[in-house]
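>>> return atomic coordinates for the entry below.
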Amino acid sequence: MAEETLDFDLLTELTEERGVPGYEDRIRDVVRREFEDSVDTVRTDAMGNVVGTLEGASEYSVAVAAHMDEIGFMVRHVTSDKDDTHGFLKLDPLGGWDARILKAQRVTVHTDDGDLPGIIGSPPPHTLDEEEREKTPDVEDVYVDLGLPAETANERVSPGDLVTLDARTERVGDTVTGKALDDRVCLFAMLEAARRIEAPDVTIHFAATVQEEVGLRGARALGVDIDPDLAIALDVTVANDVPEFKKGEHVTRLGEGTAIKLKDSSVITSPKVHKRLRSVAEARGIDYQLEVLPAGGTDTAGFQHSYGAKPVGAISVPTRYLHTPTEAAHVDDVAGTIDLLEAFLETEDGKFDYTL
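This is a model prediction of the structure:
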């Protein structure tokens, strides 16, 4: 068990902090604070990406990316006195939501004057007819109840204000669960690896990226700005190792090790990169599993698409219940991800031939 080695206070702070695509301010402050004592320089670009750089002994450079943003919402409408006497909000999604899990959730509305609690309403089932019970909901059908009069709601909330789910991070058995493990658990792994590495042979750019959930936008920009020789992305991946899925549908399984990505719907990782990741894991005795993800994309593709042909790889944390407020990862898999990233970067000397 890796319980003793993980900084759960930091992991909890990262996962409970709020930061939707394009508005990662709060989590960005945490990242900059954590970089202060572990890297040589820290910079933030115009999009909001944070890059902490460890200068190496050579000009060869490696970019390591984990995204800061979480899925959330933007307020698109606040009911007026003419609409209703009570204050309700209609939402526009920021990132990919399954609206089925939204009913009866607690949320936080982030306004210029502070945060407001709210709930997403759900009518009692015995008031619904059969057609209403069977209807697949859309995000557009969701509304937030502020528990306030419409006049007060309009004074305190405006279109463009942001909304996130309200969920605590907790230990459940051998797992850690909460909102925004996607991708704060990998942000945590990157920060921990940066803290461990000293005097690398190559320059390492640890990149906390923005707007991954809406199209890998931060990584695409950084691929141009940093122009690394090699890029490694960290993200969560599907672990459907639960009763309703057959074994062939699991993708990964909790507790069986960090995942080395072979492909997802956005990228096919470089064979030479993922083979070296496997070699390092085996040499260090780090448990790993191979990831073939049928759908979904990561910052890996953002770097590959942006400035010439780049060798890219990815390390993933197997996670159950993605894009819900109860995402769950095994603590040993988190620890293994940190160990593999550290070992890979420590042994990178810029002389490996990744060309095909």
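>>> would you list every one of the helices in the stretch 1-150 of the chain?
Counting by DSSP state H, counting those that start in this stretch, the stretch 1-150 of the chain has helices at residues 8-16, 25-35, 130-134, 150-156.
>>> need the residues that contact the longest one.
Just to be clear, that refers to helix 25-35. Residues outside helix 25-35 that contact it (C-beta atoms under 8 Å, 6 or more residues apart in numbering): 10, 13-14, 17-19, 42, 44, 48, 50, 52, 68-69, 184, 187, 191, 194-195, 206, 208. Placement of C-beta: from N, CA and C, glycine included.
>>> what is the mean pLDDT for it?
Here helix 25-35 scores 97 as its mean pLDDT.
>>> what's the closest non-adjacent residue to Asp299?
Computed as C-beta to C-beta, 6 or more residues apart in numbering, the closest residue to Asp299 that is not its neighbour in sequence is Ala219, at 3.7 Å.
>>> torsion angles phi and psi at that neighbour?
phi -70, psi -40 (degrees, to the nearest 10).
>>> wait, it sits on Gly297?
No: under the criterion of C-beta atoms under 8 Å, Ala219 is not in contact with Gly297, lying 10.2 Å apart.
>>> of the two, who's got more company?
Ranked by neighbour count (other C-beta atoms under 10 Å), Ala219 and Gly297 place Ala219 first, with 30 against 16.
>>> which ones are touching the residue nearest to Gly296 when sequence neighbours are not counted?
Among residues not flanking Gly296 along the chain, Asp264 sits closest, at 5.3 Å (C-beta to C-beta, 6+ apart). Counting by C-beta under 8 Å, 6+ apart, Asp264 touches 237, 291, 293-298, 300-301.
>>> now, those that are in helices?
Those of the contacts of Asp264 mapping onto helices are 300-301, per DSSP state H.
>>> are any of the contacts of Asp264 buried, and if so which?
Buried by 16 or more other C-beta atoms under 10 Å: 237, 291, 293, 296-298, 300-301, out of those.
>>> tell me where the stretch 51-200 of the chain has strands.
Along the stretch 51-200 of the chain, counting by DSSP state E, counting those that start in this stretch, strands occupy 61-67, 72-78, 86-94, 106-111, 114-120, 143-149, 162-165, 170-172, 175-178.
>>> direction included, what does the first one pair against?
Okay, so that is strand 61-67. In the sheet, strand 61-67 lines up against strand 203-209 (parallel), strand 230-238 (parallel) (DSSP bridges).
>>> alpha carbons of the first one, as CSV, please.
Coordinates of each C-alpha in strand 203-209 appear next as CSV, following Å, rounded to 0.1, in the frame of the first residue of the first chain:
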residue,chain,number,x,y,z
THR,A,203,15.6,20.1,-19.6
ILE,A,204,12.2,19.2,-18.3
HIS,A,205,9.1,21.5,-18.8
PHE,A,206,6.4,20.5,-16.4
ALA,A,207,3.3,22.0,-17.9
ALA,A,208,0.0,22.4,-16.1
THR,A,209,-2.3,23.0,-19.1
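>>> pLDDT wise, what is Lys82 at?
Lys82 is assigned 65 on the pLDDT scale.
>>> ok, now Asp141?
83.
>>> tell me how many other residues crowd it.
Asp141: 13 neighbours (other C-beta under 10 Å).
>>> go on, Phe35?
Counted with other C-beta under 10 Å, the neighbours of Phe35 add up to 22.
>>> domain-wise, how is this structure divided?
3-70+179-346, 72-165 (automatic domain parsing).
>>> now render those domains as CSV, adding distance to Leu356.
Listed next are the domains of the chain as CSV, based on distance: least, C-beta to C-beta, whole Å:
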stretch, distance to Leu356
domain 3-70+179-346, 7
domain 72-165, 32
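>>> could you tell me the least trusted of the ones you listed?
Least confident of those, judged by mean pLDDT, is domain 72-165 with a mean of 87.
>>> straight-line length of it, end to end?
7 Å (C-alpha to C-alpha, to the nearest Å).
>>> what do you get for stretch 239-254?
One end of stretch 239-254 sits 7 Å from the other (C-alpha to C-alpha).
>>> hmm, back to that, the strands paired with strand 61-67 into JSON lines, with extra columns for distance to Arg33?
JSON lines is the format used below for those (distance: least, C-beta to C-beta, whole Å):
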{"stretch": "strand 203-209", "distance to Arg33": "12"}
{"stretch": "strand 230-238", "distance to Arg33": "19"}
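>>> and these: which comes nearest Val280?
strand 230-238 (11.6 Å; C-beta to C-beta).
>>> all helices of the stretch 251-356 of the chain, in order?
Ranges of helices within the stretch 251-356 of the chain are 271-284, 299-304, 331-346, based on DSSP H, counting those that start in this stretch.
>>> residues contacting the closest residue to Asp37 other than its chain neighbours?
In space, and not counting its chain neighbours, Asp37 is closest to Arg195: 7.8 Å by C-beta to C-beta, 6+ apart. Neighbour list for Arg195: 34, 37-38 [criterion: C-beta under 8 Å, 6+ apart].
>>> if we go to 10 Å?
Neighbour list for Arg195: 7, 34-35, 37-39, 338, 342 [criterion: C-beta atoms under 10 Å, 6 or more residues apart in numbering].
>>> next one: His305
Counted by C-beta under 10 Å, 6+ apart, His305 has contacts 216, 219-220, 223, 266-267, 312.
>>> just to revisit the earlier point, going by distance to Thr164, which of the contacts of Arg195 wins?
Checking the contacts of Arg195 one by one against Thr164 (C-beta to C-beta), the nearest turns out to be Glu34, at 21.0 Å.
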